[in-house]
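S.K.: 3D, please:
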Amino acid sequence: MQILILTPGFPQDEQDTTCIPFLQDFVLGMSEHLGAPHIKVISFQYPFSEANYTWHEVEVFSAGGRNKKGMRRMFTWRRVMKQAGLWMTENTVIHSFWLTEATLIGQQLQEKYGCRHIATIMGQDVLPSNRYLKKLSAEKMYIVAPNERTASLLHSQKLQESAIIPHAIMPLIFARQQRTTDLIWVGSFIALKQPEQFLLLVKELLSTNPGISCCMIGEGPLLNKTKQRAEREELPVEICGKLERPDVLQRMERSRILVHTSNYEGHSTVISEALSKGCRVVCYDVGHTHSDLIHTAGNLEHMTRIVGALLDTDMEYLPVYPDQMSEMLQQYLDLYSGRTY
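M.R.: Numbering: from 1, shown residues only. A predicted model of the protein is given here:
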């Protein structure tokens, strides 16, 4: 069996730890099961240059699309189709990530070569704003939803999932450390993630928790605006900017509570990572793993109350993995082999 993975982005080298952590864990895990020679990856847009390279012994082709539109995107798809044709065998299974261009091209490859096609929902690709959804046919592929919430959103688009398989992460080394940071925020500084709400929450909590320690990690167009506001209002928030994944995980291991202000997630990897590092999690009703250590808020005021109560609670910090990597990989291997759930 050979697995051909189609994705909009993939790490440009083994040091690129922040590019789609879940997909990195997935490919590494599947490589351990099948062997690296049985896995091929084609990335449409990132890395930004066209190249063949090796990532942890897995062959990768970057089409170098650079998120260009119009006819230039068609040229990217042509390069993808050409490389896929070079790698196709009679026992190839196509696995597309995101119900966008990767799945659309995966559908065309399935029609051309008659191979099995799996497509995994990853995030906003299941929302009505995704123009590719109307071009996809659930009868021609096995669509995998990471949770019931995304499956329900898929149904509203008149598509049906073949399986619900939660996203899992690789087991991480855990070391007991002093929790010197009370609140940690991790994500992209974009409107969807609502970073300003974290600042409002911290400002509200200062009256009852004057010694609170907080940090924010990530990058994006709202980073400077968020940093300037934190400085202007003299909030005890360290704005770290972008950190590599190992550094993010270390910061989580020294933090008490992950405050996740995003108003939408397909299935949050950050929440799973925080649980693996012993953090409590406070978030809105978004897609994530199941755990009693996740506290769901209805709005910012409710979130602030939950965080305030947790800060006054004597908590134990132990690693939690609600979803096991081995189980997730086996379920996908079953789909690759034609066994469905």
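S.K.: hang on, residue 62 packs against residue 55?
M.R.: No: counting by Cβ atoms under 8 Å, residue 62 does not reach residue 55; the two are 10.2 Å apart. In this view, the C-beta of every residue, glycine as well, is placed from N, C-alpha and C.
S.K.: Of all the helix elements in this protein, which one is longest?
M.R.: helix 71-87 (DSSP state H).
S.K.: Show me what that one packs onto, helices and strands only.
M.R.: strand 2-9, strand 39-46, strand 58-62, helix 101-113 (3 or more Cβ pairs under 8 Å, 6 or more residues apart in numbering; DSSP states H and E).
S.K.: Common neighbours of residue 62 and residue 55, please.
M.R.: Here residue 62 and residue 55 have residue 10 as joint contacts, going by Cβ atoms under 8 Å, 6 or more residues apart in numbering.
S.K.: Contact partners for residue 44?
M.R.: Residue 44 is in contact with 6, 7, 8, 9, 63, 65, 76, 77, 80, 101, 102, 105, counting by Cβ under 8 Å, 6+ apart.
S.K.: swap in residue 5?
M.R.: Counted by Cβ under 8 Å, 6+ apart, residue 5 has contacts 27, 39, 40, 41, 42, 95, 96, 97.
S.K.: could those be laid out in CSV, adding pLDDT, distance to residue 226 and neighbour count?
M.R.: Shown next, in CSV, are these (pLDDT from 0 to 100; distance: Cβ to Cβ, whole Å; neighbours: other Cβ atoms under 10 Å):
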residue, pLDDT, distance to residue 226, neighbour count
27, 98, 32, 24
39, 98, 38, 24
40, 98, 39, 22
41, 98, 34, 23
42, 98, 35, 26
95, 98, 36, 28
96, 98, 34, 29
97, 98, 29, 28
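S.K.: what's the closest of the residues you listed to residue 273?
M.R.: residue 27 (17.1 Å; Cβ to Cβ).
S.K.: Can you say which helix or strand has the closest one in it?
M.R.: Per DSSP states H and E: residue 27 is located in helix 21-34.
S.K.: buried ones in that helix?
M.R.: The neighbour-count check on helix 21-34 (16 or more other Cβ atoms under 10 Å) flags 21, 22, 23, 24, 25, 26, 27, 28, 29, 30, 31, 34 as buried.
S.K.: what sits up against it?
M.R.: 1, 3, 5, 7, 10-11, 17, 39, 41, 55-58, 97, 122, 167-170, 245, 269, 273, 325, 328-329, 332-333.
S.K.: go with 7 Å
M.R.: 1, 3, 5, 7, 11, 39, 41, 56, 58, 97, 167, 169-170, 245, 269, 325, 329, 333 (Cβ atoms under 7 Å, 6 or more residues apart in numbering).
S.K.: Ok, stretch 153-173 next?
M.R.: By Cβ under 7 Å, 6+ apart, the list of residues contacting stretch 153-173 from outside reads 22, 25, 28-29, 121, 126-128, 133, 136, 138, 142-148, 151, 249, 267, 269, 272-273, 276, 289, 321, 323-325, 328, 331-332, 335, 340-341.
S.K.: Good, wrapping up.
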